[in-house]
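Asker: I'll drop the sequence and a predicted model, then ask my questions.
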Amino acid sequence: MAFHSLRRDPVLRALIGVTLLGSVLFFVLAGHPVRQMQVYWLAQVPLDAALATGAWRLRGLAHVRYRRFWSMISFAGAAFTVGDSVQAVQTLVAPGPASLTGNTFQTVLFAIGMCSNVVACLIFPQGLRTYREKFVFWLDATTVLVGGGVVAWCFAFNPVSGSDTDRLNASVTAALVLVATFSATKVALIKKPPMARIAAWPMVAAPIVQGVSTFLPGAFQSVDNPYVFVIRLLPSVLIAVGPRIQEIVLRTSDPQENIKRRPYSLLPYGMIAVTFVVFFLMLPDRASSQLVGATIGVVVITCLVAGRQLVAFHDNMVLIGRLDGAMEELRVRASYDSLTGLANRAHFSEAMLDGPDDVAVLLIDLDDFKTVNDTMGHAAGDALLVTVAQRLREAVRGNDVVARLGGDEFAVLLPGAGPADGGLVAEQILRSLGEPMDVQQHTIVTRASVGVTGSRPGDDPSTLLSNADIAMYEAKRRGKGMWVEYTDEMGARISAEAVLIREMTQAIEADEFTLVYQPIVRLADDRMTGVEALIRWNHPTRGLVSPVEFIPVAERTGQIVAIGRWALGEACRQAAEWRRAFPDAEPLTVGVNVAGRQLRDPALVGEVAALLAATGLPAGCLSIEVTETAVLDDEESNEAMLALRGLGVKLALDDFGTAASSLGLLLTCPVTTLKLDRSFVESITTVGRQAAVATAVSQMALALEFASVAEGIETEEQRDLIRELGYEYGQGYLYSRPVPPEQISARMNDQELRGAGV
């Protein structure tokens with residue numbers, strides 16, 4: 001808590017001012033004990049009232065489990081106020097002999113108030129769970145109570161002054177004050193106290209000062225001395241400032257102090273000391289030397305044993321402190337990322353659970369971070385992550401939580417915010433990350449994709465992170481370097497995709513995939529010389545699912561490898577069956593599409609060789625069709641294609657002309673066939689540029705001795721122009737749509753019959 005709040009508080013200043021004014025007047029009015037007594041009782045009233053009102057205000061501010069405690073403290077303050085007010089009026093109206101002891105009414109109310117304080121402290125829950133903790137606590141309690149009883153007994157029946165006056169009042173005061181001291185100390189030292197330590201200790205000190213002032217001998221009991229009034233007034237101001245300090249602690253939103261309890265208590269040792277002091281005071285004036293020696297020996301031995309215990313306790317505390325430090329270090333390591341110092345995934349999830357219901361979550365993924373690691377090294381990548389972490393901290397509010405979830409993925413939790421606020425923070429983050437960064441003598445400009453989502457009733461941390469993750473991937477799909485807010489449509493699409501992924505896993509085993517074949521004809525005589533195998537999914541409930549729906553998902557998830565393996569096997573089996581069924585027909589080449597992920601599979605070449613051997617299909621009758629993007633600048637794919645050519649398999653570059661580096665590929669990829677993409681064929685008769693591209697591809701194929709195939713021929717006019725441009729083969733709806741293998745068999749049979757002249 002900020003101490004300047006205490007120094008500037010007007011109530012605390014007023015209470016201290018009343019005390020200082022009264023103290024000054026005590027000395028100014030020295031020699032006039034009646035006037036001093038009137039000032040004393042008048043000063044008591046505002047101090048008592050401050051205790052009552054302060055405790056009552058805390059009753060409304062404090063936690064519900066503390067309300068009974070503060071209610072009883074407030075009642076005690078009210079009892080003190082009423083009793084001291086009556087006493088003050090009496091001293092003004094009918095002053096009697098100077099005395100610091102009130103009348104019967106004031107004494108009764110003082111006893112009631114003190115009992116209320118004691119009961120409040122005694123009934124307050126101690127937070128003790130185990131029997132050992134309870135046993136130790138009550139040992140300390142019994143020690144203090146026995147010590148208090150000894151003091152009360154000795155001073156009640158044998159006062160130090162030797163006087164018999166006020167013996168009952170002295171004994172009652174002694175017992176109440178010592179029990180109150182124990183109770184208040186208990187409240188200050190328990191695990192979860194009702195007040196901060198800075199507020200509790202003045203209230204603990206009040207009964208101690210009260211007890212000491214009651215039993216001080218000689219001149220300290222005489223109203224002829226001004227300092228006696230000061231000492232007797234001090235407990236009132238100490239107990240009055242406690243509630244006010246606690247109220248300031250709560251109102252300034254400072255966290256309640258987490259009190260570390262010692263593994264031992266000093267209370268028993270203090271009470272032993274008090275008992276020894278009382279014992280010495282009670283010794284007869286003419287005690288024998290044997291009694292004095294034995295007493296001194298007992299005291300010295302007890303002090304030595306107590307000192308030895310305290311040293312051992314201190315050593316234990318040092319060890320416990322070291323263990324606490326080690327545990328704190330482990331906690332930090334378990335909750336924070338070691339590289340960036342940000343919260344980790346576990347800490348971030350805890351923050352979402354402990355935070356308010358309305359939050360916004362941002363998921364941030366650096367775009368093309370792998371390029372930094374690959375080109376500049378992992379040290380540069382780590383340095384970039386540290387810089388990004390620093391900029392994220394600077395871009396958010398003070399109470400926001402920034403975390404590194406792993407790799408180049410970060411998250412931000414915005415308590416008390418919605419998606420609109422999240423969007424503003426996301427824009428600030430993108431601007432900050434877009435500024436150049438100096439990393440290991442290199443200047444880097446990085447971008448990020450950010451997903452933003454807001455909490456809704458019933459959302460748990462995993463749902464929020466999942467929604468933000470969906471929005472982040474949508475940002476990447478739209479082109480990266482932007483932020484996207486999550487919508488239910490995104491979630492529905494992802495959910496549908498998840499179902500599709502699960503069903504694709506089962507589709508191969510359930511034999512739901514099938515192949516259809518589209519003929520490839522020789523343009524010179526329109527005879528079928530090959531087919532392209534195209535996959536279809538006969539879903540049990542959805543019907544026929546288009547490849548456009550499931551092939552991109554399969555490529556993204558890696559399921560395309562298993563699906564492509566099945567398609568290769570089925571196509572080879574069917575092609576071999578056709579060869580056996582039509583031995584006199586022209587050899588038919590079957591083309592099978594292979595995705596880039598499948599081409600990079602180390603097992604592909606071996607699987608193809610095994611399929612050819614198992615089915616008996618000649619390698620030259622199999623054509624592997626790949627797209628330009630699948631093999632672009634990919635060393636693994638190029639090696640696989642070289643190995644496939646080594647087997648004798650044909651290689652076709654499918655959809656040729658649609659990628660950015662087609663010409664460079666012709667020099668590196670061992671292809672045997674160029675397939676002109678259908679987009680250049682559909683407008684070839686009307687758009688001059690399309691015809692120019694188609695002409696260039698044909699001339700390149702002729703010059704490089706590649707076979708050339710034009711896809712998407714739908715009209716005779718397109719066929720005639722394609723044929724004039726020099727293409728050898730054609731494929732499209734003009735000749736046939738993709739059909740089941742039975743129709744290909746029928747067509748082969750017709751060709752075989754025509755070839756035989758039947």
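Answerer: Noted; the coordinates are in hand. Numbers count the residues shown, from 1 in each chain.
Asker: wait, residue 465 touches residue 361, no?
Answerer: Yes: the criterion here is Cβ atoms under 8 Å, and residue 465 meets it with residue 361 at 6.7 Å. In short, each C-beta sits where N, CA and C put it, glycine included.
Asker: contacting residues for the nearest residue to residue 609 once chain neighbours are set aside?
Answerer: Take residue 609 and drop its neighbours on the chain: the residue closest to it by Cβ to Cβ, 6 or more residues apart in numbering is residue 647, 5.8 Å away. For residue 647, the contacting residues are 605, 608, 609, 612, 619, by Cβ atoms under 8 Å, 6 or more residues apart in numbering.
Asker: would you turn those residues into TSV with neighbour count and secondary structure?
Answerer: Shown next, in TSV, are the contacts of residue 647 (neighbours: other Cβ atoms under 10 Å; DSSP: H, G, I helix; E, B strand; the rest coil):
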residue	neighbour count	secondary structure
605	19	helix
608	24	helix
609	16	helix
612	19	helix
619	16	helix
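Asker: relative to residue 505, which of those is nearest.
Answerer: The nearest member of the contacts of residue 647 to residue 505, counting by Cβ to Cβ, is residue 608 at 23.7 Å.
Asker: next structured bit after whatever helix or strand residue 666 lives in?
Answerer: According to DSSP states H and E, residue 666 maps onto helix 662-668. Sequence order places strand 673-676 as the next helix or strand after helix 662-668, per DSSP H and E.
Asker: give me the helices and strands touching that following strand, please.
Answerer: Packing partners of strand 673-676 (3 or more Cβ pairs under 8 Å, 6 or more residues apart in numbering; DSSP states H and E): strand 650-656, helix 688-703, strand 707-711.
Asker: list the buried ones in the longest one?
Answerer: Spelled out, it's helix 688-703. Going by neighbour count (16 or more other Cβ atoms under 10 Å), the buried part of helix 688-703 is 690, 691, 693, 694, 695, 697, 698, 700, 701.
Asker: go on, stretch 66-80?
Answerer: Going by 16+ other Cβ under 10 Å, stretch 66-80 has these buried residues: 66, 69-80.
Asker: just the ones of these in strands?
Answerer: The members of the buried residues of stretch 66-80 all map outside strands under DSSP state E.
Asker: and the residues you listed as JSON lines, adding distance to residue 499 and pLDDT?
Answerer: Compiled in JSON lines, those are given as follows (distance: Cβ to Cβ, whole Å; pLDDT from 0 to 100):
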{"residue": "66", "distance to residue 499": "53", "pLDDT": "78"}
{"residue": "69", "distance to residue 499": "58", "pLDDT": "83"}
{"residue": "70", "distance to residue 499": "59", "pLDDT": "86"}
{"residue": "71", "distance to residue 499": "60", "pLDDT": "89"}
{"residue": "72", "distance to residue 499": "63", "pLDDT": "89"}
{"residue": "73", "distance to residue 499": "63", "pLDDT": "87"}
{"residue": "74", "distance to residue 499": "64", "pLDDT": "90"}
{"residue": "75", "distance to residue 499": "67", "pLDDT": "93"}
{"residue": "76", "distance to residue 499": "69", "pLDDT": "89"}
{"residue": "77", "distance to residue 499": "69", "pLDDT": "89"}
{"residue": "78", "distance to residue 499": "70", "pLDDT": "93"}
{"residue": "79", "distance to residue 499": "73", "pLDDT": "92"}
{"residue": "80", "distance to residue 499": "74", "pLDDT": "90"}
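Asker: now tabulate the residues you listed in CSV and tack on distance to residue 415.
Answerer: Below are these laid out as CSV (distance: Cβ to Cβ, whole Å):
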residue, distance to residue 415
66, 26
69, 31
70, 30
71, 34
72, 37
73, 35
74, 35
75, 39
76, 40
77, 39
78, 41
79, 45
80, 44
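Asker: and which of these is nearest to residue 385?
Answerer: Residue 385 lies nearest to residue 66 out of these, by Cβ to Cβ, at 46.0 Å.
Asker: show me the contacts for the nearest residue to residue 503 once chain neighbours are set aside.
Answerer: Counting by Cβ to Cβ, 6+ apart, residue 503 lies nearest to residue 539, which is 7.3 Å off, once chain neighbours are set aside. Neighbouring residues of residue 539 by Cβ under 8 Å, 6+ apart: 503, 507, 512, 545.
Asker: can you pick the most crowded of those?
Answerer: Of all the contacts of residue 539, the most densely surrounded is residue 507 (22 neighbours; neighbours counted as other Cβ atoms under 10 Å).
Asker: thought that one was touching residue 537?
Answerer: Yes: judged on Cβ under 8 Å, residue 507 makes contact with residue 537 at a distance of 6.3 Å.
Asker: what residues are shared contacts of the two?
Answerer: Common contacts of residue 507 and residue 537 (Cβ under 8 Å, 6+ apart): residue 513.
Asker: among the contacts of residue 539, which are in strands?
Answerer: Filtering the contacts of residue 539 for membership in strands, criterion DSSP E, returns residue 545.
Asker: okay, and which of the contacts of residue 539 map to helices?
Answerer: Secondary structure from DSSP state H places 503, 507 of the contacts of residue 539 in helices.
Asker: can you lay out the contacts of residue 539 as a markdown table showing distance to residue 226 and pLDDT?
Answerer: Formatted as a markdown table, the contacts of residue 539 follow (distance: Cβ to Cβ, whole Å; pLDDT from 0 to 100):
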| residue | distance to residue 226 | pLDDT |
| --- | --- | --- |
| 503 | 95 | 86 |
| 507 | 100 | 87 |
| 512 | 104 | 91 |
| 545 | 101 | 85 |
